[in-house]
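Trainee: here are the coordinates; sequence isn't available:
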């Protein structure tokens, strides 16, 4: 699936130094045709499991992204806390299956012997961002966090094991893949901003981030 990325959003290579061990950035891994095919599958997932607005547990403040999930488990956030559950928080229906194209990418690149159980679908509008955080609601940290970018370019930031550790940032473009494994699996990371109009993949703009995760111990 490697190929030329969306010409409207040329990928930037990750910086050569200053990154925590276990971090991998694969710029332009998905060519435009593969991006388009995957986008159509995600649209079908969202038709069955509509986007919803996650909120912060203590404050009830809404996150700036909207989201959905696919897989046997899905991540949700509300006043009850951060957690994985088998059903959509609004419809009560089970999450749709993870598209085979994503499972194939996981098998090709993750280095992990069992498939992911959850795929978070985060939609970023022009003003959306994601503050520095660690993915630690899972039982199994030996599996990587596996991320696929579709649509507008973002500025991604990754640091160390402490929120105030030094961090570096760089652009992720449509078709890029990022893996957080080893020490990077629990590193603080986030999205500083979206660059509107940098991709033509999504008709109305914005960015979709697909994050594959293994939740329970294999």
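Mentor: Structure received. Remember, it's a predicted structure, so these values are computed and weren't measured experimentally.

Trainee: Scan the protein for its longest helix.
Mentor: Assignment by DSSP state H gives helix 32-48 as the longest helix of the chain.

Trainee: what's the angle between the following helix or strand past it and helix 32-48?
Mentor: Moving toward the C-terminus from helix 32-48, the next helix or strand (DSSP states H and E) is strand 66-71. Put simply, strand 66-71 runs at 100 degrees to helix 32-48, going by axes from the mean of the first three to the mean of the last three Cα atoms, to 10 degrees.

Trainee: tell me what strand 66-71 is packed against?
Mentor: helix 32-48, strand 74-78, strand 118-124 (3 or more Cβ pairs under 8 Å, 6 or more residues apart in numbering; DSSP states H and E). For the C-beta atoms, the positions are set from N, CA and C on the backbone; glycine is no exception.

Trainee: Just send the ones you listed back as JSON lines, with mean neighbour count, mean pLDDT and distance to residue 63 too.
Mentor: Output for the helices and strands packed on strand 66-71, formatted as JSON lines (neighbours: other Cβ atoms under 10 Å; pLDDT from 0 to 100; distance: least, Cβ to Cβ, whole Å):
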{"stretch": "helix 32-48", "mean neighbour count": "16", "mean pLDDT": "98", "distance to residue 63": "17"}
{"stretch": "strand 74-78", "mean neighbour count": "21", "mean pLDDT": "97", "distance to residue 63": "7"}
{"stretch": "strand 118-124", "mean neighbour count": "23", "mean pLDDT": "98", "distance to residue 63": "9"}
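
Trainee: My read is that residue 78 contacts residue 54, right?
Mentor: Yes: judged on Cβ atoms under 8 Å, residue 78 makes contact with residue 54 at a distance of 6.9 Å.

Trainee: that older thread, any chance of the helices and strands packed on strand 66-71 in TSV, plus distance to residue 215?
Mentor: Listed next are those as TSV, based on distance: least, Cβ to Cβ, whole Å:
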stretch	distance to residue 215
helix 32-48	18
strand 74-78	9
strand 118-124	6
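
Trainee: Between the ones you listed, which one is closest to residue 146.
Mentor: Closest of the helices and strands packed on strand 66-71 to residue 146 is strand 118-124, at 9.0 Å (criterion: Cβ to Cβ).

Trainee: Flag every buried residue along whatever helix or strand comes next after that closest one.
Mentor: Later in the chain than strand 118-124, the nearest helix or strand by DSSP H and E is strand 130-133. Using 16 or more other Cβ atoms under 10 Å as the test for burial, strand 130-133 gives 130, 132.

Trainee: cool, and stretch 160-180?
Mentor: Buried residues in stretch 160-180 (16+ other Cβ under 10 Å): 160, 167, 169-180.

Trainee: low-scoring stretches of the chain, by residue?
Mentor: Within the chain, the segments meeting pLDDT under 70 span 1-18.

Trainee: give me every residue that touches residue 143.
Mentor: 110, 112, 114, 116, 213, 214, 218 (Cβ atoms under 8 Å, 6 or more residues apart in numbering).

Trainee: Tell me the most packed of the residues you listed, by neighbour count.
Mentor: residue 116 (26 neighbours; other Cβ atoms under 10 Å).

Trainee: doesn't residue 210 make contact with that residue?
Mentor: No: counting by Cβ under 8 Å, residue 116 sits too far from residue 210 to count as a contact (10.4 Å).

Trainee: shared neighbours of those two, anything?
Mentor: residue 102.
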